[in-house]
Structure formats: C-alpha cells, structure tokens
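Asker: Here you go, sequence then predicted model.
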Amino acid sequence: MSQTHKTPVKHLLNQAETPPLAQPVPNAPAVKIRSGPVTVLGLLLLLQAVGLFDLGLFFFTRGLGLRRSLIVEMLITEPINALAMGIIFIPLALLALLAALGFFRLWRAAWLMAMLTQGLSLLTALLLYFNQRPGYVYVIMLYSIFLVIYLHTAEVSTTFEPAATLIEEEDEE
C-alpha cells in the first residue's frame, strides 16, 4: 500500500474520534425537578380537597332537604345556613384541587393557590368557630395550620420561587 491511501483514512479517523461537544444554551430555562416534600404536599392538598368537597356536598344536600346515610351530628338547623356552607366548602375544595394539580405540575402559582386555600379555610373555620362551634372545625384549623407551616419549609418555597430571584442570588455569590 502506498502512503497516499493511509493518510486520508487516518485523517478521517482523527476527526471521527473527537466530535465537537454540545455547548449548553446560556439562556435556557432550568428544568425543575419535583422533590419529595412537594409531592407530599400535593397529596395533602388532594386529601384536603376531597375532605372539603365531601363536607360541602354534605351541607349542600342537607340544605336541599335530601338525607344522607351517614349519621353526623346535626350542626346547622336552618336549611339556608346549610346551603350557604355547601356553597362555601365546594369552591374551597375546587381551589385545593387546583393547587394540588399545580403542585404535581410544578406551576409557579400553585404555592400561592395553596396559601390562598389555607387562608380561606382558616377564615371559614374561624367564622364557624365563633358562630356555631361544630366539632369538625378543629380538624380544619389544625390541618390548615399544618399545611401553612409545611408550605413555608425551605425546600418547598424555593421550588416555587421565580427564576429571576434564583439567578440574582447565584450572581451575588
């Protein structure tokens, strides 16, 4: 074999061995990964949505004069009040469900929706506490307070911070 036939092949092999490395795009958005506490919080919000919806449905059907098979203490005697409580608890349940979906999908507004849900749940529980003192109001208060504290943990709150805030913190260091 002659020298002319070996050189082009060797030159092609050298080019094939060192492919150009892929350069990261400098302005590409960071991919968020859902951590364990965020998933747990999404499940807790889903559980709260189910509980609030069940409570709202109970009051809504009682306000319409329908009977339910479960025996629960009669807390509200007037149908208008029962209907009003159903109208309050069902939208709260839908807001909690939307917040849970946002936590699973890592929407930035999910944290705000979850805090709004907890604030409205606590407000409703306080109004019920001072007017009628039903037994279930303590459960709503404790659950909402627990979720507010859990929403303020560092791992959960940093997951939902705006990207501009995180970039500014990295530049300062």
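Answerer: In hand now; what should we look at? Residues are numbered from 1 along each chain as shown.
Asker: With just CA atoms, put stretch 47-58 into CSV.
Answerer: Only the C-alpha atoms of stretch 47-58 are listed here, as CSV (Å, rounded to 0.1, in the frame of the first residue of the first chain):
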residue,chain,number,x,y,z
LEU,A,47,-56.7,14.9,50.6
GLN,A,48,-57.9,18.3,51.8
ALA,A,49,-59.8,18.9,48.5
VAL,A,50,-61.6,15.5,49.0
GLY,A,51,-62.5,16.4,52.6
LEU,A,52,-63.8,19.9,51.8
PHE,A,53,-65.8,18.6,48.9
ASP,A,54,-67.3,15.9,51.0
LEU,A,55,-68.2,18.4,53.7
GLY,A,56,-69.6,20.8,51.2
LEU,A,57,-71.6,18.1,49.5
PHE,A,58,-73.0,17.0,52.8
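Asker: Next secondary structure element downstream of the lowest-mean-pLDDT helix or strand in the chain?
Answerer: Among the helices and strands of the chain, helix 3-17 carries the lowest confidence by mean pLDDT, DSSP states H and E, at a mean of 54. Downstream of helix 3-17, the next assigned helix or strand under DSSP states H and E is helix 36-63.
Asker: The next helix or strand after that following helix packs against which elements?
Answerer: Sequence order places helix 79-105 as the next helix or strand after helix 36-63, per DSSP H and E. If contacts are counted by 3 or more CB pairs under 8 Å, 6 or more residues apart in numbering; DSSP states H and E, helix 79-105 sits against helix 36-63, helix 110-131. Just so you know, the C-beta spots here come from the backbone N, C-alpha and C atoms, and that holds for glycine as well.
Asker: so where is the chain shaky, pLDDT-wise?
Answerer: For the chain, the stretches with pLDDT under 70 are 1-34, 62-82, 163-173.
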